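Peer 1: predicted model follows, preceded by the sequence.
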Amino acid sequence: MIKDRTLPLNCTFVESDWRILASHWYPITESITVGVEPIKAMLLDEPLVVYRIGEELVVARDVCPHRGVPLSMGKSDGQGVVCPYHGLRFGHAGKCNKVPASPNGSIPSRMQLYTYPAVERYGLIWTCLDPQNDQADIPNMPHWEDAGFQQIVCPAFDVKAFAGRQLEGFLDVAHFGFVHTDTFGNPNNVEVPAYRPAETPQGFEVRYLSTVANYPIGVEADVPADFTWLRHFEVHLPFTATLTVHFPNDGRLVIMNAASPVSAKYTRMFAPIARNFDKHIPVEDVHSFNFQVFEEDRLIVEAQKPERLPLDPSLEVHIPADMSSIAYRKGLRSQGLSQFFLS
């Protein structure tokens, strides 16, 4: 792996923020989308190419080191990705293994791709642009590998907003009865009972108790009249959180919200799901329902002004229901990030 700490061209982040964010791990695509043919992705303004060769997964900067053509425009010939300009081929570890114009000559040692570490987890491919060590600090997904749980990977969902805005919306418990009235929210039950975040090594967690149900509107369910719903949020800074919803009869629904910062202005959100009930429901129906929920959120997040996440607590007015938001912004500040994220 070659490490290059220069900022991407046309970087939309303040340099100091980019360098902090580049040290974290993010998903860039679903595992199922990647085969031998190259596909393109984007992370923190860095164009990436992703492909498989044998059992190896390669994530690299999407540029041929010869004359700068994106390799995502190329094709695979079974032994690597072939650049569409001069036919140079790149295989294991991003190394060039063929130069058609000089078939008998030696291949320059520098003729290789700028590669990044790659890990497959929760049905997603994760990478880091500037790893600080050999450990992949990928957020934990509760129950993903537990017996009796079904694993579902929703299609990626794009939001034209900053990743911090999107994740903060995921953590917000006061908007259910106003934003999600077509999916699960109850406009007649909008009071937010008191709750308090607790710090963790990765960020913070919230155990939120309320009477707001989590079943889709119109679905009849046998729920005891005195049942209290527990929603357990676990935040892994900077842009990932999981929500474990405790259903009746020991049912558990886990949703990961991994907001991958394509740029300061664009987010690709990934949402693996694990559950131990209603496993007979077609996966396509689960995708459709969650898309509807995400779409309700997207309309709000893309409309927020200013188009930035103010980390200075004095710049917006807060209410008691905002405890998660306040803890989240404090967590971002603690990482050394700047007071504003322009988007």
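Peer 2: Looks like it arrived, so ask away. Numbering: from 1, shown residues only.
Peer 1: now the stretch 51-200 of the chain, which segments are flagged as low pLDDT?
Peer 2: Using pLDDT under 70 as the threshold, the predicted model of the stretch 51-200 of the chain has no low-confidence range.
Peer 1: do a quick rundown of the strands in it.
Peer 2: For the stretch 51-200 of the chain, applying DSSP state E, counting those that start in this stretch gives strands covering 56-61, 75-76, 81-82, 89-90, 96-98, 115-116, 118-121, 124-127, 150-159, 198-199.
Peer 1: could those be laid out in TSV, adding distance to S106 and mean neighbour count?
Peer 2: C-beta coordinates here come from the backbone N, C-alpha and C atoms, glycine included. Below are those laid out as TSV (distance: least, Cβ to Cβ, whole Å; neighbours: other Cβ atoms under 10 Å):
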stretch	distance to S106	mean neighbour count
strand 56-61	22	21
strand 75-76	24	14
strand 81-82	20	24
strand 89-90	15	24
strand 96-98	11	18
strand 115-116	21	22
strand 118-121	28	16
strand 124-127	31	24
strand 150-159	41	18
strand 198-199	55	11
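Peer 1: mind putting the ones you listed into TSV with distance to V179?
Peer 2: TSV is the format used below for the strands of the stretch 51-200 of the chain (distance: least, Cβ to Cβ, whole Å):
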stretch	distance to V179
strand 56-61	35
strand 75-76	43
strand 81-82	43
strand 89-90	46
strand 96-98	51
strand 115-116	36
strand 118-121	30
strand 124-127	26
strand 150-159	14
strand 198-199	26
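Peer 1: of all those, which lies closest to L230?
Peer 2: For L230, the closest of the strands of the stretch 51-200 of the chain is strand 198-199, at 14.5 Å, according to Cβ to Cβ.
Peer 1: could you check the following helix or strand past the closest one and say which residues are buried?
Peer 2: The first helix or strand that comes after strand 198-199 along the chain, using DSSP states H and E, is strand 203-210. Under the neighbour-count criterion of 16 or more other Cβ atoms under 10 Å, strand 203-210 has G203, F204, E205, V206, Y208, S210 buried.
Peer 1: next: stretch 121-141.
Peer 2: Neighbour-count burial for stretch 121-141, with 16+ other Cβ under 10 Å as criterion, is recorded at 121-131, 138-139, 141.
Peer 1: report the contact partners of the residue most central in space within the chain.
Peer 2: For the chain, A258 is the residue whose C-alpha lies nearest the centre (Cα atoms, centre = their mean; 2.7 Å). In this structure, A258 makes contact with Y26, P27, L124, P139, F239, T240, M269, F270, A271, P272, judged by Cβ atoms under 8 Å, 6 or more residues apart in numbering.
Peer 1: let me know the pLDDT of it.
Peer 2: The pLDDT attached to A258 in the predicted structure is 98.
Peer 1: quick check: the gap between it and P117.
Peer 2: Between A258 and P117 the distance, using Cβ to Cβ, to the nearest Å, works out to 17 Å.
Peer 1: list just the nearest of the buried residues of stretch 121-141 to F170.
Peer 2: Of all the buried residues of stretch 121-141, P139 has the smallest distance to F170: 13.0 Å, by Cβ to Cβ.
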